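Colleague: Below: sequence and its predicted model.
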Amino acid sequence: MPTNKRRELLQAAAALAATGVATQTRAAADTAMTIRTPFEVADTFIPIAGSAEQFPVRRIYCIGRNYAAHAREMGSDPNREPPFFFQKPTDAIQIVPPGETIEHPYPTLTKNYHYEVELVAALAKGGRNVPLDRALDLVYAYTVGLDMTRRDLQRAMGDEKKPWEIGKSFDHSAPLGPLQPAAKVGHMKDGAIWLKVNGQVKQNANLNQMIWSVAEQISKLSEAFELAPGDIIYSGTPENVGPVIKGDIIDAHIDGLPDIRVRII
């Protein structure tokens, strides 16, 4: 076959292949846009302070027993045992705008409902096996959060050596404030963290008392999970967790971040 003719055939074949790939790509995109579902499920977003943008939530990670005194009050050895994590569903989030008192429903099935104030870190980057010195590069923002807990159910499941998600992972169990970008507030490594119930101080500590810092939490988490944008991390609570009842008002504070307030109803 003449060289010119062979070249023409090859060029024609390449053009046809490219057209086929483009057609398949368009077809796949069209299919994705026309997927039908029997119902819609709401996405979860957290407001970003000073912005019209919203932060889309992918996963909620929580670290357990991350302050030594709290570890002791929960009956654990605080001597830097390996960190452990659990998760909450995204619809556990309840947004608490600064300066407002939000009604927080007392949940079903419990007679011992506990508060836990925590620093929350929100990630805009992900990764696996993230080095410690790069971990904070993943953090987009911080806020104040509450890890509300059905303590009686958590303890009962623990005593029976069963998973205790029922004590931690339920509706409205993760109240928090709008996200404050780290570019504005810096990375939260120390500063007062406290919680009041009806004006009386119940929890009072410093972020620098964490057993595992936020950077260490991210690095350790990334060994077990591939982290991704949209993940948030509840970084543990100080000692003196305790019960609330209907009518109680909780104020939660971390230096450098807006306070949040909820009323138990």
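Modeller: Nice, I can see it. Residues are numbered from 1 along each chain as shown.
Colleague: low pLDDT regions in the stretch 1-150 of the chain?
Modeller: 1-33, 70-71, 74-80 (pLDDT under 70).
Colleague: can you map out the helices along it?
Modeller: Per DSSP state H, counting those that start in this stretch, the stretch 1-150 of the chain carries helices over the ranges 3-33, 68-73.
Colleague: would you list every one of the strands in the stretch 51-200 of the chain?
Modeller: 54-56, 59-63, 85-88, 93-95, 101-104, 113-115, 117-123, 139-146, 149-150, 174-176, 180-181, 192-197, 200-206 (DSSP state E, counting those that start in this stretch).
Colleague: what would those strands look like in a markdown table with mean neighbour count and distance to Ile249?
Modeller: Bear in mind the C-beta positions are built from the backbone N, C-alpha and C, glycine included. Converted to a markdown table, the strands of the stretch 51-200 of the chain look like this (neighbours: other Cβ atoms under 10 Å; distance: least, Cβ to Cβ, whole Å):
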| stretch | mean neighbour count | distance to Ile249 |
| --- | --- | --- |
| strand 54-56 | 16 | 27 |
| strand 59-63 | 23 | 24 |
| strand 85-88 | 17 | 23 |
| strand 93-95 | 19 | 15 |
| strand 101-104 | 16 | 7 |
| strand 113-115 | 22 | 11 |
| strand 117-123 | 25 | 14 |
| strand 139-146 | 25 | 12 |
| strand 149-150 | 24 | 18 |
| strand 174-176 | 24 | 13 |
| strand 180-181 | 21 | 23 |
| strand 192-197 | 20 | 7 |
| strand 200-206 | 16 | 10 |
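Colleague: and for stretch 241-248, what are the contacting residues?
Modeller: Applying Cβ atoms under 8 Å, 6 or more residues apart in numbering, the set of residues contacting stretch 241-248 from outside is 70, 73, 106, 112-116, 149, 151, 197-198, 202-203, 250, 263-265.
Colleague: The most centrally placed residue in the chain and Asn208, how far apart?
Modeller: Geometric centre of the chain, nearest residue: Ile232, 2.5 Å, by Cα atoms, centre = their mean. Look at Ile232 and Asn208: by Cβ to Cβ, to the nearest Å, they are 21 Å apart.
Colleague: same deal with Gln200?
Modeller: Using Cβ to Cβ, Gln200 is found at 24 Å from Asn208.
Colleague: got it, and Lys162?
Modeller: Per Cβ to Cβ, Lys162 is found 35 Å from Asn208.
Colleague: ok so, going back, nearest residue to the residue nearest to the centre of the chain other than its sequence neighbours?
Modeller: The shortest distance from Ile232 to any non-neighbouring residue, by Cβ to Cβ, 6 or more residues apart in numbering, is to Ala122 (4.8 Å).
Colleague: residues contacting that neighbour?
Modeller: Ile46, Phe55, Val139, Tyr140, Ala141, Tyr142, Thr143, Leu179, Asp231, Ile232.
Colleague: now do 10 Å
Modeller: By Cβ atoms under 10 Å, 6 or more residues apart in numbering, Ala122 lies in contact with 46, 48, 55, 57, 138-143, 176, 179-182, 229-233.
Colleague: quick one: contacts for Thr237?
Modeller: 62-67, 70, 114-119, 145-147, 149, 193, 195, 203, 205.
Colleague: Any chance of the backbone angles for the spatially closest residue to Gly191 that is not a sequence neighbour?
Modeller: Leaving aside its sequence neighbours, Gly191 sits nearest to Asp255 (Cβ to Cβ, 6+ apart; 3.2 Å). Main-chain torsions, Asp255, degrees, to the nearest 10: phi -50, psi 130.
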